[in-house]
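# when you get a sec, could you give me coordinates for this:
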Amino acid sequence: MADFYKFLASYEVLIYILLAMGGLFSFRWLWRSWQEWQIAVYKLEKEFSMRRLGQSAAISVLILTVFCFEFFMASFIIPGLPAEVFLSTPTLDFISTPTGTLSAEMMTQFAAVPAQTQGPNTVGCVPGQVDLTSPKAGEEVKGVIDLIGTVNISNFGFYKYEVAPAGGDSWATISADRTIKVETSLGRWDTTALTPGDYQLRLVVTDNQGVALPACVIPIRVIPNQ
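Purely as a prediction, here's the structure:
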């Protein structure tokens, strides 16, 4: 069913064009069949024209029905579907079972990345829409912390927050949620298993069509939990 919804959403314009072309052909056929039935004199002619009239009417009704179905689905049903309908199974797993911790596999990958340093600059954060306000860029963190921020966009689907070593591109999803948040807790993050050093934390918001907005990325430093 998810593939069917994706098809209707992705090819909406093409479907309308094909239906319009088919509609022009069928209604023209219907009109000509009606005219032939009206001017038919002999019984055989009337039967033949009536058969053509019935066929053209059936095709016209079918095309009109498909058009109404596509319009209803594209305008009312699909925009209200949850984002997971358009996403793959791995994304659903971390939404349904948020833990706030990283897997052993990701920890091993992080340990193999050389430590780097970076300035307290943020990237892609939009106050009031997609923003991380705590911890702040360049802040030192330890233990289990609460992430404070905002995820508030039109056609909201879900958000997730991820971490990667400074300068790296191996992002690990910490947790995720489907609830709009405004300057409140986005979730918790357990940093105790991470090797102390510089990391980058990012907040990714996806709309209900499965399209991810530019991520809000901030640098942070994990220090020993003492």
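# quick check: what element follows the helix or strand harbouring F7 along the chain?
Following DSSP states H and E, one finds F7 within helix 2-10. Counting by DSSP H and E, the next helix or strand C-terminal to helix 2-10 is helix 12-39.
# other SSEs contacting that following helix?
In terms of contacts (3 or more CB pairs under 8 Å, 6 or more residues apart in numbering; DSSP states H and E), helix 12-39 is packed against helix 43-72. All C-beta atoms are positioned from the backbone trio N, CA, C, and that covers glycine.
# which secondary structure element of the protein has the lowest mean pLDDT?
In the chain, no helix or strand scores lower on mean pLDDT, DSSP states H and E than helix 89-96, which sits at a mean of 42.
# domain parsing for this structure?
As given by automatic domain parsing, the domain ranges for the chain are 2-80, 83-222.
# tell me which of those domains is the most buried.
Across those, averaging neighbours per residue (mean count of other CB atoms under 10 Å) puts domain 83-222 on top, at a mean of 17.
# any idea what Y199 is bridged to?
The partner list for Y199 in beta bridges (DSSP bridges) reads P165, I220.
# so where's the protein shaky on pLDDT?
In the predicted model, the chain carries pLDDT under 70 at residues 80-121.
# can you tell me the SS state at the residue most central in space within it?
The centroid of the chain falls nearest to G210 when counting by CA atoms, centre = their mean (1.0 Å). At G210, secondary structure determined by DSSP: H, G, I helix; E, B strand; the rest coil is coil.
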